[in-house]
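> The amino acid sequence is not available; the structure is as follows:
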């Protein structure tokens, strides 16, 4: 029987939820400690200055969960968060500086990782090796090879790995994708997403003494060592290639993930990118503050991401969002809304989230984080299918890496849609993997 586009969209939606991968069922048999439906899940959180602190707060709100330990390489941050937690919950979580020590704690069932990008995949793999379930903030990798390594480790050790693409847990986004699969806007052929912010300069860093409260060696973790400069920590590392992944991974990944889901697309066959560093051109920012990337897929489908880190002009009155185009209409979604339009542009339906989420700030807390974390814990307790398992999330993450590879290598690359690897461009493939600091390997 011939399969239609609608069948493919439905199948992709199920796979994105983990229903066709067997993720939930296969892992339930491999627990070191069998967790019942009403048992408390004990959690360790690594990287608690900003986003990680929002995740800690989410854990405290959910039933039958306990923040057993907190981990940060900055002693001031660690002491502050332990004090805040004790004041709010009445108990003292254990404090760790080195995540390798925290994951050895046999009382911890799951590890939440919100450290800098360069450590996401290695730390997740270490946690899996220690028998822990993992909730890892996006991006799940700093380079394409790390995505491959993390997927392999998840399969090998049999624990759950949920990636922090929290919009996958938005009821309005889920409804939009379902209705697209049902044909509400006809044949879907194009998706557009955007992100706009008004970031300032990061200046020119100076070599400086490492603050006494910061363990710079542990902060660098698996990355080859570099001397400390005063404009790296705690946020500007995003814009340095040695540790970060640029705005496309930092924020574009969220909306690109929804676009890919709605299109029912996997790897592209061609990627083009235009942009550069146009604002504050004398500072240390190494990535692009402006980037427009187009992905072409089999069957004539396309996805475009427009990122403007330093020009906050909104589109459709939104700093970030998604527009999906079909032969019978269009759908716009963001973290808090779903709007259906007919082909003339008339609004037909408007659904809002019951719990709102932050959009363009650096924390991103709100209802979607709560839903996404609850889904992770229900995956551990009762084998509920994950909304963003690593095997699905990595496909969207890989788009971001390809976008950067295209921008760095003449603005255009061809891709083998079966493997996701760049074709005929050896220079681009040099970014496929990276070297690690001695003593921080063993990623299998």
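Okay, I see it. Computed from a predicted model, the values in this text were never measured in an experiment.
> tell me the contacts of the spatially closest residue to residue 427 that is not a sequence neighbour?
Spatial nearest neighbour of residue 427, excluding adjacent residues (C-beta to C-beta, 6 or more residues apart in numbering): residue 409 at 5.4 Å. The C-beta positions use only the backbone N, C-alpha and C, and glycine is treated the same way. By C-beta atoms under 8 Å, 6 or more residues apart in numbering, residue 409 lies in contact with 425, 427, 428.
> what's the distance between residue 409 and residue 247?
Shown here: residue 409 relative to residue 247, a distance of 18 Å by C-beta to C-beta, to the nearest Å.
> cool, and residue 282?
Taking C-beta to C-beta, one finds residue 282 at 19 Å from residue 247.
> and those two? which has more neighbours close in?
Neighbour count, other C-beta atoms under 10 Å: between residue 282 and residue 247, residue 247 has more, with 27 against 9.
> Against which helices or strands is the strand or helix carrying the more buried one packed?
Per DSSP states H and E, residue 247 falls inside helix 246-247. Of the remaining helices and strands, none touches helix 246-247 by 3 or more C-beta pairs under 8 Å, 6 or more residues apart in numbering; DSSP states H and E.
> So which residues make contact with that helix?
By C-beta under 8 Å, 6+ apart, helix 246-247 touches 195, 238, 239, 287, 288, 289, 291, 307, 309, 400, 404.
> Identify the residues contacting the last one.
Contact analysis of residue 404 by C-beta under 8 Å, 6+ apart lists 245, 246, 248, 249, 273, 287, 431.
> Show me where the stretch 51-200 of the chain has its helices.
51-61, 75-89, 99-102, 120-129, 144-157, 171-181 (DSSP state H, counting those that start in this stretch).
> okay, the angle between the fourth one and helix 144-157?
I take that to be helix 120-129. Taking axes from the mean of the first three to the mean of the last three C-alpha atoms, to 10 degrees, one finds that helix 120-129 is oriented at 10 degrees with respect to helix 144-157.
> From the contact counts, what lies against helix 120-129?
Applying 3+ C-beta pairs under 8 Å, 6+ apart, one finds that helix 120-129 contacts helix 99-102, strand 110-113, strand 133-136, helix 144-157.
> any idea of the mean pLDDT in the last one?
Across helix 144-157, pLDDT averages out at 98.
> Repeat that for stretch 86-103.
On average, stretch 86-103 scores 95.
> I'd like the distance from it to the chain centre, please.
Centre-to-centre, stretch 86-103 and its host chain are 24 Å apart (C-alpha atoms, centre = their mean, to the nearest Å).
> What is the end-to-end distance of it?
21 Å (C-alpha to C-alpha, to the nearest Å).
> next one: stretch 263-270
So stretch 263-270: terminal residues 16 Å apart, C-alpha to C-alpha.
> Show me what the longest strand seen in the chain pairs with in its sheet, parallel or antiparallel.
When the chain is parsed with DSSP state E, its longest strand is strand 188-196. Strand 188-196 pairs in its sheet with strand 302-308 (parallel), strand 320-326 (antiparallel), by DSSP bridges.
> can you redo the ones you listed as a markdown table with mean neighbour count and distance to residue 441?
Shown next, in a markdown table, are the strands paired with strand 188-196 (neighbours: other C-beta atoms under 10 Å; distance: least, C-beta to C-beta, whole Å):
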| stretch | mean neighbour count | distance to residue 441 |
| --- | --- | --- |
| strand 302-308 | 22 | 33 |
| strand 320-326 | 22 | 37 |
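> Among the ones you listed, which comes closest to residue 59?
Checking the strands paired with strand 188-196 against residue 59 by C-beta to C-beta gives strand 320-326 as the closest, at 25.4 Å.
> need the next SSE after that closest one, C-terminal direction.
Next element after strand 320-326 (DSSP H and E): strand 329-334.
> how deep is residue 412 tucked in, by neighbour count?
15.
> swap in the one 10 residues further on?
The burial count assigned to residue 422 is 24, neighbours taken as other C-beta under 10 Å.
> Please tell me how far it sits from residue 76.
43 Å.
> which residues are contacting stretch 201-215?
73-76, 97, 216, 227-233, 236, 239, 279-280, 282-285.
> Can you select the buried ones from these in ChimeraX?
Of the contacts of stretch 201-215, the buried ones can be selected in ChimeraX as follows, counting by 16 or more other C-beta atoms under 10 Å:
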select :73,74,216,228,229,231,232,233,236,239,279,283,284,285
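> residue ranges of the strands in the stretch 151-300 of the chain, please?
161-163, 188-196, 270-276, 290-296 (DSSP state E, counting those that start in this stretch).
> list the helices and strands the last one packs on?
Spelled out, that is strand 290-296. Packing partners of strand 290-296 (3+ C-beta pairs under 8 Å, 6+ apart): strand 270-276, strand 302-308, helix 390-408.
> quick check: angle from the longest one to strand 302-308?
Okay, so that is helix 390-408. Here helix 390-408 runs at an angle of 70 degrees relative to strand 302-308 (the same axes, to 10 degrees).
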